[in-house]
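>>> mind looking at a prediction? Sequence and model below.
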Amino acid sequence: MKRETKLKHADETFKQMILEGKFHHPLPAGPTADAYRIAGYADGAVGAAKPGCDVLLPHFDSGLRWVDAANPQPDDPLWDGGVRAGATWDGTFYRDVTRYAAGGTFFWCAYFKPGSAAGIKNGFWFNFGAGWSHLANDDPAQVLAGASQRIYFDPGAGGWRLVIEATQFVTQAVVNVWTGTKSGGDDPTGIYQRESGCDPLASLTVAVA
């Protein structure tokens, strides 16, 4: 089973456990905030200018077309293609139990910013680093069906998980950009150690937004 498939399966398991009220570990005591942010985050901190993240870039042979008088090569980045009008993600995650009840109070996602709505500039499309992501079908209930940036408590592991995903150009496949975990703690703040992803960054720190 591919690592990306395992991660998606872990998310689905989490969702089912929430719905069924089954947990292998006690839930965090909290208190928790409505928003958290990757400390010191700036665009390009994750998923950019790193060899493994080249998969996020649109290329000459990716199926996109553009006007170029130069001599394009198969490994040339197609900078003017793809999604250019999306909002730039600022590294913040929000909680919204109304729009995504299955996540409960220990689930935060970049798409849940207050006031976000369907549309490129309304917070359901994000550009970050060399990547971009789009909420599946503009439907918050389908957060796990596409690429998303999220933090949640994993009841099976008894710890916190930070996931950053991107949508691949043309194929729209989900790319695992960076996934990390933090053991224990009553809220998601703290240092997450890299577990997988195309970005080799060793760790990220989460703080209250």
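Done, it's in. Numbering: from 1, shown residues only.

>>> residue 189 is in contact with residue 32, correct?
No - the criterion here is Cβ atoms under 8 Å, and residue 32 misses it with residue 189 at 9.1 Å. All C-beta atoms are positioned from the backbone trio N, CA, C, and that covers glycine.

>>> could you give the bridge partners of residue 35?
residue 94 (DSSP bridges).

>>> residue contacts, it?
By Cβ atoms under 8 Å, 6 or more residues apart in numbering, the residues touching residue 35 are 92, 93, 94, 95, 108, 208, 209.

>>> ok, now residue 109?
Taking Cβ under 8 Å, 6+ apart as the test, what residue 109 contacts is 93, 94, 96, 100, 103, 143, 148, 149, 150, 151.

>>> point out the ones among the residues you listed that are inside strands.
Residues of these located in strands (DSSP state E): 93, 94, 149, 150, 151.

>>> neighbours around the second one, how many?
It stands for residue 94. Using other Cβ atoms under 10 Å, residue 94 has 21 other residues around it.

>>> separation between it and residue 151?
The gap separating residue 94 from residue 151 is 10 Å, by Cβ to Cβ, to the nearest Å.

>>> middle-most residue in this protein, spatially?
Geometric centre of the chain, nearest residue: residue 149, 2.1 Å, by Cα atoms, centre = their mean.

>>> hey, what's that residue bridged with?
Beta-bridge partners of residue 149, counted by DSSP bridges, are residue 164.

>>> pretty sure it contacts residue 133?
Yes - if you go by Cβ under 8 Å, residue 149 and residue 133 touch, sitting 6.9 Å apart.

>>> what touches both of these two?
110, 126, 165.

>>> now do stretch 127-144, average pLDDT.
Stretch 127-144 shows an average pLDDT of 91 in the prediction.

>>> residue 137 should be in a strand, yeah?
No - Residue 137 is assigned helix when assessed by DSSP: H, G, I helix; E, B strand; the rest coil, not a strand.

>>> chain neighbours aside, what residue packs nearest to it?
residue 145 (7.4 Å; Cβ to Cβ, 6 or more residues apart in numbering).

>>> for this protein, what spans make up the strands?
When secondary structure is read from DSSP E, the chain shows strands at 35-38, 87-88, 92-94, 107-109, 125-128, 131-134, 149-154, 159-167, 174-183, 190-196, 203-208.
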